[in-house]
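What would the 3D arrangement of this be:
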Amino acid sequence: MTAPASTHFFGTFTPRLDEKGRLFLPAKFRPLLTDGVVLTRGQEHCIYGWTPEAFDDFSGRARQASFTNRQARNFVRMLFGGAAHETPDKQGRVPVSQLLRDWAGLDRDCTVVGTGERFEIWDSARWNDFSDEHEEGFADLSEEIFPGIF
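Below you'll find the predicted structure:
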């Protein structure tokens, strides 16, 4: 009996950008991306990757924030201003725009991290630094941060 296909992105992978700025998506992610992928600026200077449906759900919630709030306007500008809907090719490669590569500091070595409804694309050195810096905090998560989860 085979395991059912996941509906979430999880795991950590280390693909590379090719000379044309295309990223080989992890094979385990590809079944979720048959309708394409939305790439946009993420926090901590990574790139977020969403299914179109998940991006629509998230962006709908983001658009509900008051446009009179400067922080909400800035967030929506950054989110949508860097967004691109891409279709993976037959080899599972997806083009990453120069704007997003610059935002995330991507050159060649990348780390792709599944985070549930989305995945993140990091420059590998930046990911390693981030992971090292936050590992102890992860170990110290408490009931105050995630009530009822532990």
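
longest helix anywhere in this protein?
Looking across the chain with DSSP state H, the single longest helix is helix 124-139.

Now do the buried residues in it.
124, 126-127, 130 (16 or more other C-beta atoms under 10 Å). C-beta coordinates here come from the backbone N, C-alpha and C atoms, glycine included.

Now render the residues you listed as JSON lines, adding distance to Phe75 and pLDDT.
Shown next, in JSON lines, are the buried residues of helix 124-139 (distance: C-beta to C-beta, whole Å; pLDDT from 0 to 100):
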{"residue": "Ser124", "distance to Phe75": "27", "pLDDT": "98"}
{"residue": "Arg126", "distance to Phe75": "21", "pLDDT": "97"}
{"residue": "Trp127", "distance to Phe75": "23", "pLDDT": "97"}
{"residue": "Phe130", "distance to Phe75": "20", "pLDDT": "94"}
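
thinking again about what came up before, packing partners for the longest helix of the chain?
In terms of contacts (3 or more C-beta pairs under 8 Å, 6 or more residues apart in numbering; DSSP states H and E), helix 124-139 is packed against strand 110-114.

Packing partners of the strand it packs on?
Using 3+ C-beta pairs under 8 Å, 6+ apart, strand 110-114 sits against strand 12-13, strand 118-123, helix 124-139.

coming back round to it: farthest-apart pair in the buried residues of helix 124-139, please.
Greatest spatial distance among the buried residues of helix 124-139 (C-beta to C-beta): Ser124 and Phe130, at 10.6 Å.

Now do the helices in this protein.
Along the chain, counting by DSSP H, helices occupy 52-63, 70-81, 98-104, 124-139.

for those, which one sits closest to His45?
helix 98-104 (5.6 Å).

Just the angle for the helix or strand bottoming out on mean pLDDT in the chain relative to strand 118-123, thanks.
In the chain, the helix or strand scored least confidently by mean pLDDT, DSSP states H and E is helix 124-139, which has a mean of 87. Here helix 124-139 points in a direction 130 degrees away from that of strand 118-123 (axes from the mean of the first three to the mean of the last three C-alpha atoms, to 10 degrees).

Good, wrapping up.
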